[in-house]
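>>> Prediction below, plus the sequence it came from.
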Amino acid sequence: MNVTEAIKSRISTRAFLDKPVSEANIRALLEIARWAPSGGNLQPWRVHVVTGAARDRLVATVKQAIADNPLADESELEVYPPKLAEPWRTRRYEVGEAMYARLGIPREDKPARLKHLMRNYEFFGAPVGLFFSLDRRFDKGPTAKAVKL
Ligand SMILES: Cc1cc2nc3c(=O)[nH]c(=O)nc-3n(C[C@H](O)[C@H](O)[C@H](O)COP(=O)(O)O)c2cc1C
């Protein structure tokens with residue numbers, strides 16, 4: 001497979017087998033991923049890997065936190081600019097509608113939509129979760145400024 005094929009065949013997978021992934025495979029994957037470029041070659045990321053009982057505990061804790069407080073805390077960082085403007089607002093809406101249509105979940109079926117949303121917090125069934133984090137001082141970096149424009 002060449003790079004073009006690899007890029008064009010990648011997709012966001014939202015259902016995984018629970019088949020274990022070896023630590024050697026996880027390490028091999030991260031070893032490749034670390035070749036990603038970074039500004040000034042700072043390589044500022046840290047990766048936290050959760051598997052097995054730690055993964056299950058995390059999923060259970062998050063599930064409980066959402067059950068206790070469904071509206072959740074205010075997010076510390078914006079995922080999208082607040083009051084998403086056009087054309088992005090429509091794009092976001094359409095991709096959501098298309099996804100639920102493919103899943104056969106109608107707009108009115110809020111419990112089914114919520115159930116699917118919750119799969120996000122279960123790693124969509126994957127046995128391994130990877131968290132990439134940056135020092136919070138990077139929040140003030142050029143990417144954050146660009147988003148705030
Ligand atoms: C930064 C980022 C965050 C995303 N967050 C979610 C998410 O929370 N849940 C989800 O189902 N998909 C998420 N996606 C997947 C996008 O919806 C997906 O990449 C887009 O619809 C294009 O589909 P494709 O990746 O299959 O080509 C995210 C993608 C990116 C790059």
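That came through, no problem.

>>> tell me, how many neighbours does H48 end up with?
11 (other C-beta atoms under 10 Å). Heads up, the C-betas are built off the backbone N, CA and C, glycines and all.

>>> That should have said V21, apologies.
Quick note: V21 (other C-beta under 10 Å) scores 15 neighbours.

>>> Chain neighbours aside, what residue packs nearest to it?
V128 (5.0 Å; C-beta to C-beta, 6 or more residues apart in numbering).

>>> pretty sure Y80 contacts R92?
Yes: assessed by C-beta atoms under 8 Å, Y80 is found in contact with R92 at 7.5 Å.

>>> anything in contact with each of those two?
Common neighbours of Y80 and R92, counting by C-beta atoms under 8 Å, 6 or more residues apart in numbering, are absent.

>>> re the thing from before, any idea what the residue nearest to V21 is bridged to?
T51 (DSSP bridges).

>>> Just say helix, strand or coil for the residue most central in space within the chain.
What sits nearest the mean C-alpha location of the chain, by C-alpha atoms, centre = their mean, is N120, with 7.3 Å. In three-state terms, and counting by DSSP: H, G, I helix; E, B strand; the rest coil, N120 is helix.

>>> List the residues that contact the residue nearest to V21.
V21, I26, V49, V50, T51, R55.

>>> so who does the fourth one touch?
V50 makes contact with L58, V128, G129, L130, F131 under the criterion C-beta under 8 Å, 6+ apart.
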